[in-house]
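> Structure for the following, please:
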Amino acid sequence: MVLLATTCLTPLLVVTARPALADGGAGGRGLAGLSTGGAAGSTNDTTAGGTGGAGTPFSGDGGGGGGGGAGSIGGGGGNGADVGSGAAAGGAGGASAGANGVDGQTYTLSGSGGGGGGGGGAHGAVLTTTTTSSGATGGKGGAGGSGGGNGGGGGGGAGGYGVVVNGAGLSFTNTGTTAGGAGGAGGSAPHSGVGGDGGAGGIGVLFNGVGSLVNAGAISGGSGGAGGSGGSGNGSNAAGGVGVIGSGLAITNSGTITGGLGGDGVTRANAITFTGGVNTLTLKAGSNIIGNIAIQSGSVTFNQATNQTVANTITGAGLVIQNGSGTLALTGGNSYSGGTQINAGTLQVSNASALGTGGVTFAGNNTTLEGNFTGTLSNALTINAGVSATFGATAGNTGFALTGATSLGGGSGVTVHFGSASDTGTVVLAPSSVVVSGTAAGAIDGGTLKVGTGAGASLIGNMTGFAVGTGATAATLDLNGNNTTVVNLSGNSAGVITNAALPATLTSNNT
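This next block holds a predicted model:
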């Protein structure tokens with residue numbers, strides 16, 4: 001680990017702690033049901049990790065010790081239950097920045113004692129000033145020891161965090177490799193006990209206050225420990241560590257941010273978790289994000305001056321905002337519920353769930369929603385007062401259908417555009433309902449606008465003027481069997497008006 005002169009490592013300076021995010025694993029119980037495993041040690045951000053609980057004996061069988069939590073120094077693992085011959089000791093926690101926890105002892109004495117819990121890893125660095133770093137790695141959690149006879153396995157220790165940024169208004173620049181430590185595996189119970197739980201993987205970078213991250217290197221959460229095998233049941237696999245987590249963050253990424261794999265080797269933790277507040281995420285050339293992006297609350301603004309694609313799944317209750325002049329393409333199957341806001345540029349969608357379950361608001365003038373798939377987008381659509389907006393479908397798209405309730409604010413000089421010189425596919429206007437609050441004109445600048453419902457026809461009929469063809473690009477209005485009255489219909493020789501498959505077609509300057 002190399003830290004520049006602005007770095008201050010203060011393992012015990014701050015005494016406040018956040019709720020545990022990556023604890024050690026609980027010990028497994030012995031065969032006798034009341035011989036419980038020790039509790040997991042808690043993970044702390046800036047203080048020592050919690051010590052794992054000791055296993056308890058019952059009727060000659062003993063539970064395993066709990067794994068230690070991670071912290072500025074790792075917490076020790078709990079001892080396995082003593083059934084009369086002595087106890088398997090828990091492993092010591094990592095004693096210095098980035099140090100690994102020690103494995104818990106395997107029970108080797110007579111009887112059915114539990115295995116010792118693994119020690120927790122220590123965080124790689126706790127920063128209290130703005131810092132540029134070539135990397136820091138959290139210590140690994142120690143593995144839980146195996147139980148003897150019918151004893152339970154010890155829990156794995158938690159992996160330490162790579163970097164904790166502790167304080168409001170701080171910036172962390174990562175130029176190398178920053179990683180959370182791996183959680184320790186749970187100890188086995190080879191006869192009739194229960195295996196210990198794995199320890200959780202450490203977070204890559206945790207912010208304890210609003211701040212900014214510039215990543216030009218690699219940031220990753222640690223892998224979760226696997227649960228130990230047992231004759232009466234296996235321990236639980238632990239979760240991997242989140243790559244980056246915090247509230248009120250400004251993240252600029254030209255490197256890689258990765259969520260750690262869980263103990264099952266399949267389930268991946270979030271690459272980024274925004275826990276609340278107003279956040280920004282700017283993706284530069286070379287950006288690679290592996291894992292989901294979670295917006296638990298608050299908002300995330302994508303500031304994209306260049307075209308970028310986000311294939312990650314976006315989850316949570318927060319709001320997504322497109323604010324850059326470029327095109328932001330969302331291609332994941334997203335489930336976020338806080339809505340979508342287009343302040344600038346183009347937002348492109350590639351599937352029906354790309355915009356989650358909330359409504360879509362056009363908040364900035366001359367903004368575009370572009371469909372890059374043939375299918376239905378059912379999100380409610382709101383065009384704010386004073387905002388001109390464009391609905392487009394990419395070339396070759398035979399039906400980008402807009403079926404959500406639609407609200408048009410209108411206002412002086414407002415025009416709702418359909419298609420463009422590059423978006424020459426078919427937009428199907430099929431809203432479930434329409435509310436028009438102010439005057440607005442309409443124009444088909446390229447491709448086809450197909451009226452899909454009576455509400456869609458009503459929207460066109462409420463416009464103060466409608467142009468079919470505004471340039472050299474072919475433009476078609478297909479009424480598709482829907483009746484409407486169009487006021488101040490205009491266009492040019494590139495414009496065509498049809499009524500579904502009926503032969504009547506008007507091709508002229510319709511003024």
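> Going by C-alpha atoms from here, please, whenever you check contacts or count neighbours.
Will do.
> Return stretch 290-307 as CSV; C-alpha atoms alone will do.
Output of stretch 290-307 as CSV, limited to C-alpha atoms (Å, rounded to 0.1, in the frame of the first residue of the first chain):
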residue,chain,number,x,y,z
ILE,A,290,-19.3,-5.4,-12.4
GLY,A,291,-22.4,-6.0,-10.2
ASN,A,292,-25.6,-4.2,-9.6
ILE,A,293,-26.0,-0.5,-8.8
ALA,A,294,-28.3,0.0,-5.9
ILE,A,295,-30.0,3.3,-5.0
GLN,A,296,-31.6,2.6,-1.7
SER,A,297,-33.0,6.2,-1.5
GLY,A,298,-32.2,9.6,-2.8
SER,A,299,-31.0,10.0,-6.4
VAL,A,300,-28.2,9.3,-8.8
THR,A,301,-27.4,11.6,-11.6
PHE,A,302,-25.5,10.3,-14.6
ASN,A,303,-23.3,13.2,-16.0
GLN,A,304,-22.5,11.9,-19.4
ALA,A,305,-20.9,14.3,-21.9
THR,A,306,-20.2,11.3,-24.1
ASN,A,307,-22.3,8.3,-25.0
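> what residues does it touch?
Applying C-alpha atoms under 8 Å, 6 or more residues apart in numbering, the external contacts of stretch 290-307 come out as 256-259, 268-283, 312-329, 336, 338.
> now, which of those lie within strands?
256-258, 272-274, 278-283, 314-316, 319-322, 327-329 (DSSP state E).
> now the end-to-end length of stretch 50-65.
13 Å (C-alpha to C-alpha, to the nearest Å).
> mind checking how far that stretch is from the chain centre?
37 Å (C-alpha atoms, centre = their mean, to the nearest Å).
> now swap in stretch 429-443 and tell me
34 Å.
> likewise stretch 35-46?
Worked out by C-alpha atoms, centre = their mean, stretch 35-46 lies 27 Å from the chain centre.
> and it, average pLDDT?
In this model, stretch 35-46 has a mean pLDDT of 95.
> Show me how the protein divides into domains.
126-141+158-291, 359-511 (automatic domain parsing).
> Of these, which shows the lowest average pLDDT?
Looking at the domains of the chain, the bottom one is domain 359-511 with a mean of 92.
> chain center to it, what's the gap?
With C-alpha atoms, centre = their mean, you get 34 Å for domain 359-511.
> can you check stretch 251-259 too?
12 Å.
> end to end, how far does that stretch reach?
Using C-alpha to C-alpha, the two ends of stretch 251-259 sit 16 Å apart.
> Likewise for stretch 459-467?
Using C-alpha to C-alpha, first and last residues of stretch 459-467 are 14 Å apart.
> circling back to that earlier point, which stretch among the domains of the chain comes nearest A97?
domain 126-141+158-291 (7.5 Å; C-alpha to C-alpha).
> show me where this structure has helices.
454-461 (DSSP state H).
> From the centroid of it, which residue is nearest?
With distances taken as C-alpha atoms, centre = their mean, the residue of the chain nearest its centroid is I293 (1.6 Å).
> before we move on, back to that, could you point out which of the domains of the chain sits nearest G28?
Closest approach to G28 among the domains of the chain is made by domain 126-141+158-291 (4.3 Å; C-alpha to C-alpha).
> Turn the domains of the chain into CSV, columns for mean neighbour count and distance to S112.
Supplementary listing: the domains of the chain in CSV, determined by neighbours: other C-alpha atoms under 10 Å; distance: least, C-alpha to C-alpha, whole Å:
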stretch, mean neighbour count, distance to S112
domain 126-141+158-291, 27, 9
domain 359-511, 21, 59
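> Output the ones you listed in CSV; the columns should cover distance to G111.
CSV is the format used below for the domains of the chain (distance: least, C-alpha to C-alpha, whole Å):
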stretch, distance to G111
domain 126-141+158-291, 12
domain 359-511, 63
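> closest to G345 out of the ones you listed?
Proximity to G345 (C-alpha to C-alpha) singles out domain 359-511 among these, at 5.4 Å.
> wouldn't G111 be in contact with G147 here?
No. Contact between G111 and G147 fails when scored by C-alpha atoms under 8 Å: they sit 9.9 Å apart.
> Those two: who's more crowded?
G147 (43 against 20; other C-alpha atoms under 10 Å).
> quick one: contacts for that one?
For G147, the contact set (C-alpha under 8 Å, 6+ apart) comprises 63-64, 80, 106-107, 112-115, 153-154, 187-190, 193.
> Need the max-distance pair from the residues you listed.
Based on C-alpha to C-alpha, the longest span within these runs between G80 and P190 and measures 15.0 Å.
> Now do the strands in the stretch 51-200 of the chain.
For the stretch 51-200 of the chain, applying DSSP state E, counting those that start in this stretch gives strands covering 57-58, 61-62, 125-127, 131-133, 163-165, 170-174, 177-179.
> Can you lay out those strands as TSV showing distance to A95?
What follows is the strands of the stretch 51-200 of the chain, written out as TSV (distance: least, C-alpha to C-alpha, whole Å):
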stretch	distance to A95
strand 57-58	30
strand 61-62	28
strand 125-127	13
strand 131-133	22
strand 163-165	16
strand 170-174	24
strand 177-179	18
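> which residues are contacting stretch 273-287?
With contact meaning C-alpha under 8 Å, 6+ apart, stretch 273-287 is reached by 242, 244-256, 293-304, 308, 318.
> end-to-end on it?
17 Å.
> which residues does the closest residue to L459 other than its chain neighbours bridge with?
Using C-alpha to C-alpha, 6 or more residues apart in numbering and skipping residues adjacent in sequence, the residue nearest L459 is V434, 6.6 Å away. Assessed by DSSP bridges, V434 has beta-bridge partners T406.
> I'd assumed T453 was in contact with V434.
No. In this structure, V434 is not within contact of T453 by C-alpha under 8 Å, at 10.7 Å.
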